[in-house]
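Peer 1: Fold the following and give me the result.
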Amino acid sequence: MATPPMRARWKRRIFEVLEVPPVGDPVALFVERAIIVLIVVNVASVILETVPELRVRFGDVFLAIEVGTVVLFALEYLARVWVSDEHVPLKRYGRIGARARYVMSASALVDLLAVAPSLVGFAFGVYDVGVFAVFRLLRFLKLARYSAGMSSLVNAVASERRALAASAVIMAGLIVTAASLMHAIEGDIQPDRFGSIPVAMYWAVTTLTTVGYGDIVPVTGAGRALAGVVMLFGFCMFALPVGIIATAFAREIHSRDFVVTWGMVAKVPLFSQLSAAEIADVMRLLRAQTVEAGTIITAAGEPAHSMYFISSGTVEIDLPHEKLRLSDGAFFGEIAVLRRARRSADVVALTHTRLLLLDAEDLQYLMQKKSEIASHIRAVARERIAHEAVTPRGDIATEELEEMHGSPDDWL
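Peer 2: All right, here's what the predicted structure looks like:
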């Protein structure tokens, strides 16, 4: 197979770093963290620059931060556009078509708005801190690219857009109705405040949202009674979109975690031949554990009674002849859930790490309850022990298997 030209290799590498960073890639991790730090520094600079005393004292520093940010973000935007035809869904449109569709995507528009206003201001010499502060704060939206939580929130809002639109229509109807009734009741008594429906709508909005500034209040008994009813409706109706978004957000987080966990369990050779329902049964046995950097997760020589899935973070396995690092989605200690043994290596968390544990006792209990799961797991285990000296994807049971005497049937 012919080696890709240097330009193509560099393009692919830039695409991986910016768009689909490989797990544990130090360059991609550095670039991601550098961009996040740059966004935070820039947003802080924008906020502080609006303070007159600080602007006078540190004006040159703020300007340097802004110029540097604009240059770097512009280069990032151009790089993303250049490699956009590497996206699999866009490849069929060709280079020009793929880039045209990419620049119209939401994330690309955010990247463009992060630099375009400042570039225009610098180019025409009309840069004004107050005017451009709002546009510069849009750079905060770039964090959505690096935050799974923000992405989940956006997806939650998008999935419930019809329900939210219906809630907006209902609230608009309540505002108009409340303003119309109050205009009819107190329009003649307070013409400056309720003399027309558009004027009364301000009172309706502040009352329905339960803000109640108190600058416009009814003075008649009927008006106050209506205000009380409007407050109660507002308390109920304005909580509706909050509930919709909260429910959708929780569902999105649960779905994402379910898919990620499913993928981790399904790729374990012991469970790869299980059906969807059987994998779900195994998933119910998992329990979460969080460890800080430097924590010894397992120590050589201690009893091995569980296997571990790495939900996020990085661990290092200290094998006799090498050190192996595992990151998100990897697992280790697979054979430990099937036999009594001792750990053959130390496993240390290099970063803040979230783990999912599967205890041997829980799995054995499930296998006793469901014979079909037991038969699948035992069949796979026999085959692997018979034909493999090393289990794949970071299983540290190699020495355990070498120390084991007798047939696999003795412990399965």
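
Peer 1: which residues in the stretch 251-400 of the chain form helices?
Peer 2: 276-283, 360-369, 371-387, 398-403 (DSSP state H, counting those that start in this stretch).

Peer 1: can you give me the strands for the stretch 151-300 of the chain?
Peer 2: 287-291, 296-298 (DSSP state E, counting those that start in this stretch).

Peer 1: what kind of secondary structure is the closest residue to S151 other than its chain neighbours in?
Peer 2: Nearest residue to S151, sequence neighbours excluded (CB to CB, 6 or more residues apart in numbering): A144, at 6.0 Å. Just so you know, the C-beta spots here come from the backbone N, C-alpha and C atoms, and that holds for glycine as well. Here A144 is helix, with the state taken from DSSP: H, G, I helix; E, B strand; the rest coil.

Peer 1: Count the neighbours of A144 for me.
Peer 2: A144 sits with 16 neighbouring residues when counted by other CB atoms under 10 Å.

Peer 1: Please look at it and V154 and confirm they touch.
Peer 2: Yes - contact criterion CB atoms under 8 Å: A144 and V154 qualify, at 6.5 Å.

Peer 1: T69 is nearest to which of the strands of the stretch 151-300 of the chain?
Peer 2: Nearest to T69 among those is strand 287-291; the distance by CB to CB comes to 34.2 Å.

Peer 1: Tell me which residues of that closest one come out buried.
Peer 2: By neighbour count on 16 or more other CB atoms under 10 Å, the buried set for strand 287-291 is V291.

Peer 1: got it, and stretch 174-188?
Peer 2: L174, I175, A178, A179, L181, M182, H183, I185, E186, G187.

Peer 1: host element of the closest residue to F122 other than its chain neighbours?
Peer 2: Spatially, and ignoring its direct neighbours in sequence, F122 is nearest to V70 (7.5 Å; CB to CB, 6+ apart). In the assignment (DSSP states H and E), V70 maps to helix 52-83.

Peer 1: Show me what that helix is packed against.
Peer 2: helix 6-18, helix 26-49, helix 94-103, helix 106-113, helix 116-124 (3 or more CB pairs under 8 Å, 6 or more residues apart in numbering; DSSP states H and E).

Peer 1: Present these as CSV; the columns should include distance to R325, mean pLDDT and mean neighbour count.
Peer 2: Below are the helices and strands packed on helix 52-83 laid out as CSV (distance: least, CB to CB, whole Å; pLDDT from 0 to 100; neighbours: other CB atoms under 10 Å):
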stretch, distance to R325, mean pLDDT, mean neighbour count
helix 6-18, 19, 85, 14
helix 26-49, 11, 86, 15
helix 94-103, 33, 88, 15
helix 106-113, 30, 84, 16
helix 116-124, 40, 75, 15
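
Peer 1: who touches stretch 87-105?
Peer 2: Here stretch 87-105 makes contact (CB atoms under 8 Å, 6 or more residues apart in numbering) with E19, R80, V81, W82, S84, D85, A108, L109, L112.

Peer 1: quick one: which of the residues you listed is nearest V51?
Peer 2: Using CB to CB, L112 is the member of the contacts of stretch 87-105 that sits closest to V51, with 28.5 Å.

Peer 1: OK, contacts around that closest one?
Peer 2: Shown in contact with L112 (CB under 8 Å, 6+ apart): Y77, V103.

Peer 1: rewinding a little: please tabulate the buried residues of stretch 174-188 in a markdown table, including the columns pLDDT and distance to E334.
Peer 2: Converted to a markdown table, those look like this (pLDDT from 0 to 100; distance: CB to CB, whole Å):
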| residue | pLDDT | distance to E334 |
| --- | --- | --- |
| L174 | 91 | 58 |
| I175 | 92 | 60 |
| A178 | 92 | 64 |
| A179 | 93 | 66 |
| L181 | 93 | 69 |
| M182 | 92 | 69 |
| H183 | 92 | 72 |
| I185 | 92 | 74 |
| E186 | 91 | 75 |
| G187 | 89 | 76 |
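
Peer 1: Now, the residues you listed that are in helices?
Peer 2: Counting by DSSP state H, the buried residues of stretch 174-188 place L174, I175, A178, A179, L181, M182, H183, I185, E186 in helices.

Peer 1: For those residues, which two are the farthest from each other?
Peer 2: L174 and E186 (18.0 Å).

Peer 1: show me the contacts for I36.
Peer 2: Contacts for I36 (CB under 8 Å, 6+ apart) come out as L143, Y146.

Peer 1: To clarify, my last question referred to L366.
Peer 2: By CB under 8 Å, 6+ apart, L366 lies in contact with D281, V282, L285, I373.

Peer 1: G59 now?
Peer 2: Going by CB under 8 Å, 6+ apart, G59 touches E49.

Peer 1: So it versus A163, what's the distance?
Peer 2: Distance of G59 to A163, given as CB to CB, to the nearest Å: 48 Å.

Peer 1: go on, R57?
Peer 2: Between R57 and A163 the computed distance is 50 Å (CB to CB).

Peer 1: more crowded one of the two?
Peer 2: A count of neighbours by other CB under 10 Å puts A163 above the other of R57 and A163, at 16 against 11.

Peer 1: my read: the more buried one touches T247, true?
Peer 2: No - the criterion here is CB under 8 Å, and A163 misses it with T247 at 9.6 Å.

Peer 1: So, low pLDDT: which residues of this protein?
Peer 2: Within the chain, the stretches with pLDDT under 70 are 1-4, 22-24, 124-135, 147-149, 254-260, 269-270, 272, 335-341, 380-412.

Peer 1: Any idea how many residues pack against E292?
Peer 2: E292 has 10 neighbours, counted by other CB under 10 Å.

Peer 1: What values do phi and psi take at the closest residue to it other than its chain neighbours?
Peer 2: The shortest distance from E292 to any non-neighbouring residue, by CB to CB, 6+ apart, is to H352 (5.8 Å). Main-chain dihedrals, H352, degrees, to the nearest 10: phi -60, psi 120.

Peer 1: Fine by me, thanks again.
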